[in-house]
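> no FASTA, just this:
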């Protein structure tokens, strides 16, 4: 049984963290519309506020786990599968867009359902579950409105255009919700079966993932995504990748006309804000043919001057083949390493090492996994050691960092990939001829590893 001191410790930690936040910023209530400039939605540039928010999230989750009956925690957790399903349903039915013009007074579910062309009774139950999770708001019985969280799903498009254009540009988080609540939910539901099947459980092959088990295909995920019948899913997936946090690499320190290669860059959303802020850099986006085609279209719409001036170029390239751009100033790999097992990651990294010059920087943007205990190895690399949270929180900040572990499982069920600890990154980089120079934290689920060619 937990002692009262544990409960009081968590309570005091929450209270002290709230004090820090209220001294520095003003937090809007959930009934306000989403705006990226408002804390906590603006990237948490104040470290004290970011730490306080992490403490509150971790402490409240630990407090609930401590005081709620254990069987209710297990039942609730098992049935949480319905939340992403409901969220995807509301997203694909365009509920946030329908409620956009209704304002804070909301709209009756009969009118929402009529515009969404679905059952009002079932939709009310779906929205009520989400409102109970603080996504949407039930203003009065069967009357729903957007709130700060649900309004982020609004693509700003008109409902009558969605048949063709829902995933042509727009809001990355809506695409991420739709993709994850659709295909990923199916894949993860077969995780137990693959863990009991020796041909899947002991394999690190990227065609032995729950994705392959679920869809009964021997195609790698990326080839499956390129199939003509999956064009909508491919565009949705590409758009979903745009909701990743921006890179915080010090691009301004690079000399004019420095070459940045966005390896496996998809539609180039990692380098688009870089090109806007530093137009003198030369950016090359590399990926599979269909993603390169999508990238050209997107950049011509979003930043045409970069295309016309030649400061951005698009190149079809398989990163398992020799890297055609020699001695680039920066090779960027955002959300690439977690897609592949160690031997394949080493192959990719060796190709880049063969092409690197003495001054080349390798920037890896990925989740950096933490143990739920202190990791002495992390203290040997600049920036790799995360500050230990105050007691009695878990050493990995518990629920405040749960996104790392969710992404890890996302990689497992889709491509048999994984997120990595700093030791795991260091091991594969060393084998490939790279040395970690520094680690920078960019977001709760993202870190930047900066590596340089190892001196032989």
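Perfect, I can see it now. Computed from a predicted structure; not experimentally measured.

> name the SS class of residue 363, please.
Assigned with DSSP: H, G, I helix; E, B strand; the rest coil, residue 363 falls in the strand class.

> who are the contact partners of it?
By Cβ atoms under 8 Å, 6 or more residues apart in numbering, the residues touching residue 363 are 247, 249, 330, 331, 332, 333, 448, 449, 450. Every residue, glycine included, has its C-beta placed from N, CA and C.

> can you give me the helices for the stretch 301-450 of the chain?
For the stretch 301-450 of the chain, the helices defined by DSSP state H, counting those that start in this stretch occupy 304-308, 342-355, 402-415, 422-431.

> which residues of the stretch 251-400 of the chain fall in strands?
Applying DSSP state E, counting those that start in this stretch to the stretch 251-400 of the chain gives strands spanning 259-262, 282-287, 312-316, 330-334, 361-366, 368-369.

> any chance of these in CSV with mean pLDDT as columns?
Compiled in CSV, these are given as follows (pLDDT from 0 to 100):
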stretch, mean pLDDT
strand 259-262, 98
strand 282-287, 98
strand 312-316, 98
strand 330-334, 97
strand 361-366, 96
strand 368-369, 88
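
> between those strands, which one is nearest to residue 202?
Evaluated with Cβ to Cβ, those place strand 368-369 nearest to residue 202, the distance being 21.4 Å.

> how far does that closest one sit from the chain's center?
In terms of Cα atoms, centre = their mean, to the nearest Å, the centre of strand 368-369 is set 13 Å apart from its chain centre.

> domain map for the protein?
Annotated domains of the chain cover 4-76, 80-164, 167-240, 241-453 [automatic domain parsing].

> ok so, going back, of the strands of the stretch 251-400 of the chain, which is nearest residue 324?
Evaluated with Cβ to Cβ, the strands of the stretch 251-400 of the chain place strand 312-316 nearest to residue 324, the distance being 7.1 Å.

> which parts of the closest one count as buried, going by neighbours?
Of all the residues in strand 312-316, those buried under the rule 16 or more other Cβ atoms under 10 Å are 312, 313, 314.

> which other helices and strands contact it?
strand 282-287, helix 289-302 (3 or more Cβ pairs under 8 Å, 6 or more residues apart in numbering; DSSP states H and E).

> any chance of CSV for the strands of the stretch 251-400 of the chain, columns distance to residue 214?
Below are the strands of the stretch 251-400 of the chain laid out as CSV (distance: least, Cβ to Cβ, whole Å):
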stretch, distance to residue 214
strand 259-262, 31
strand 282-287, 25
strand 312-316, 29
strand 330-334, 27
strand 361-366, 25
strand 368-369, 25
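
> closest one to residue 242 among the ones you listed?
For the strands of the stretch 251-400 of the chain, proximity to residue 242 was assessed by Cβ to Cβ; strand 330-334 is nearest, at 11.0 Å.

> ok, the closest one: who's next to it in the sheet?
Using DSSP bridges, the strands paired with strand 330-334 are strand 259-262 (parallel), strand 361-366 (parallel).

> what comes into contact with it?
The contact list for strand 330-334 (Cβ under 8 Å, 6+ apart) reads 244, 247, 249, 254, 258-265, 270-271, 323, 348, 352, 355-356, 360-366.

> what is the nearest of the contacts of residue 363 to residue 133?
Set against residue 133, the nearest of the contacts of residue 363 by Cβ to Cβ is residue 247 (30.5 Å).

> longest single strand anywhere in the protein?
strand 434-443 (DSSP state E).

> before we move on, the earlier item: can you check which of the helices of the stretch 301-450 of the chain gets nearest to residue 283?
Of these, the one closest to residue 283 (Cβ to Cβ) turns out to be helix 304-308, at 7.5 Å.

> local confidence estimate at residue 360?
As predicted, residue 360 sits at a pLDDT of 98.

> count of neighbours near it?
Residue 360 has 21 neighbours, counted by other Cβ atoms under 10 Å.

> measure residue 326 to residue 353 for me?
Counting by Cβ to Cβ, to the nearest Å, the gap from residue 326 to residue 353 is 12 Å.

> neighbour count: the two, which is higher?
The neighbour comparison of residue 326 against residue 353 (other Cβ under 10 Å) goes to residue 353, with 20 against 12.

> phi, psi for the spatially closest residue to the more buried one that is not a sequence neighbour please.
Of all residues not flanking residue 353 in the chain, residue 433 sits nearest, at 4.1 Å (Cβ to Cβ, 6 or more residues apart in numbering). As for residue 433, its main-chain torsions (degrees, to the nearest 10) stand at phi 90, psi 20.

> check residue 119 too.
Backbone torsions for residue 119, taken as degrees, to the nearest 10, come to phi -70, psi 130.

> where does the chain dip in pLDDT?
1-4, 35-45, 161-165, 169-170, 244-248, 375-386, 442-445 (pLDDT under 70).

> who's in contact with residue 449?
Taking Cβ under 8 Å, 6+ apart as the contact definition, residue 449 lies against 362, 363, 364, 365, 366, 368, 425, 429, 436, 438, 439.

> quick check: bridge partners of it?
Bridge pairing for residue 449 - DSSP bridges - gives residue 364, residue 439.

> from residue 362, how far off is it?
8 Å.

> same check, this time on residue 64
For residue 64, the distance to residue 362 - Cβ to Cβ - is 41 Å.

> okay, these two: which has more neighbours?
Remark: of residue 64 and residue 362, residue 362 carries more neighbours, 25 against 13, as counted by other Cβ under 10 Å.

> the more buried one against residue 351, yeah?
No. The criterion here is Cβ atoms under 8 Å, and residue 362 misses it with residue 351 at 11.5 Å.

> list the buried ones in stretch 124-136?
Result for stretch 124-136 [16+ other Cβ under 10 Å]: buried residues 124, 126, 127, 128, 129, 130, 131, 135, 136.

> of the residues you listed, just say which sits nearest to residue 72.
Among the buried residues of stretch 124-136, residue 129 lies closest to residue 72 (Cβ to Cβ), at 16.9 Å.

> so how many other residues sit close to residue 173?
Neighbourhood size, residue 173 [other Cβ under 10 Å]: 17.
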